[in-house]
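1. My questions are about this predicted structure, shown below with the sequence.
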Amino acid sequence: MIQFKQFTIREIQPGDKGPLQEGLGMLSSESRRQRFFSSRKNFTEKELKFFTEVDQVNHLAFVAIHNDGSGPMPAGSIRSIRDSHRSEFAELAVTIIDQYQGQGLGFKMLETLAAAAQAHQITHLYGDFHSNNIGILKLLEKYCRVYNIPPESFKLTRVGDGFLYFEMALA
């Protein structure tokens, strides 16, 4: 468990299904579209099980909870899922509730996930995002800058229809 400002970052647990569903409802339609490539409003029970019942080896997942004194509120989640063909690679997904964006939470969560990934021999993250999702691009670039990831270890490719694909080495 990590404390960061008013946030607690910890491994996701099966009991986080409700807060995860609540967090989805707190996202703006634009944030939902950027994260899920659709404007979905709810997770299915099967999806909630997949998102919260993870092994923390091949499927790593962390949640951030905001502690403002009036009770815990979901603030974000981050996860990586190991690639079945390239075991040192894992797909990255990040979601930060709109009101908590721009406060450094995404970066702290990425650091947390990266450390856990490396402990399980995951050396690279990859994923897709829409080209107008400037937040994820800034997050990845900041990680590379802070951890001195060489430019050749961060690959960004346009894949069509406004989407970008990235691969990035971990520090």
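-> Yep, it's here.

2. Tell me who's in contact with residue 40.
-> Contact partners of residue 40, counting by C-beta atoms under 8 Å, 6 or more residues apart in numbering, are 24, 32. C-beta coordinates here come from the backbone N, C-alpha and C atoms, glycine included.

3. Let's verify it: helix, strand, or coil?
-> Following DSSP: H, G, I helix; E, B strand; the rest coil, we place residue 40 in the coil state.

4. what residue is smack in the middle of the chain?
-> The residue lying closest to the centre of the chain (C-alpha atoms, centre = their mean) is residue 94, at 2.1 Å.

5. So that one versus residue 102, what's the distance?
-> Note on residue 94: its distance to residue 102, by C-beta to C-beta, to the nearest Å, is 14 Å.

6. Show residues contacting the lengthiest helix in the chain.
-> Assignment by DSSP state H gives helix 105-119 as the longest helix of the chain. Applying C-beta under 8 Å, 6+ apart, the contact partners of helix 105-119 are 2, 4-5, 7, 9, 56, 60, 62, 64, 75-80, 90, 92, 94, 96, 123, 125, 135, 139, 142-143, 146, 170-171.

7. Would you mind pulling up the elements that the next helix-or-strand element following that helix packs against?
-> Once helix 105-119 ends, the next helix or strand along the chain (criterion: DSSP states H and E) is strand 124-130. Applying 3 or more C-beta pairs under 8 Å, 6 or more residues apart in numbering; DSSP states H and E, one finds that strand 124-130 contacts helix 29-36, strand 89-96, strand 163-169.

8. Just checking, which helix or strand of the protein averages the lowest pLDDT?
-> When each helix and strand of the chain is scored by mean pLDDT, DSSP states H and E, helix 29-36 comes last, with a mean of 72.

9. Now do the buried residues in it.
-> 31-35 (16 or more other C-beta atoms under 10 Å).

10. Now render the helices and strands packed on strand 124-130 as a markdown table, adding distance to residue 117.
-> A markdown table is the format used below for the helices and strands packed on strand 124-130 (distance: least, C-beta to C-beta, whole Å):
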| stretch | distance to residue 117 |
| --- | --- |
| helix 29-36 | 20 |
| strand 89-96 | 6 |
| strand 163-169 | 11 |
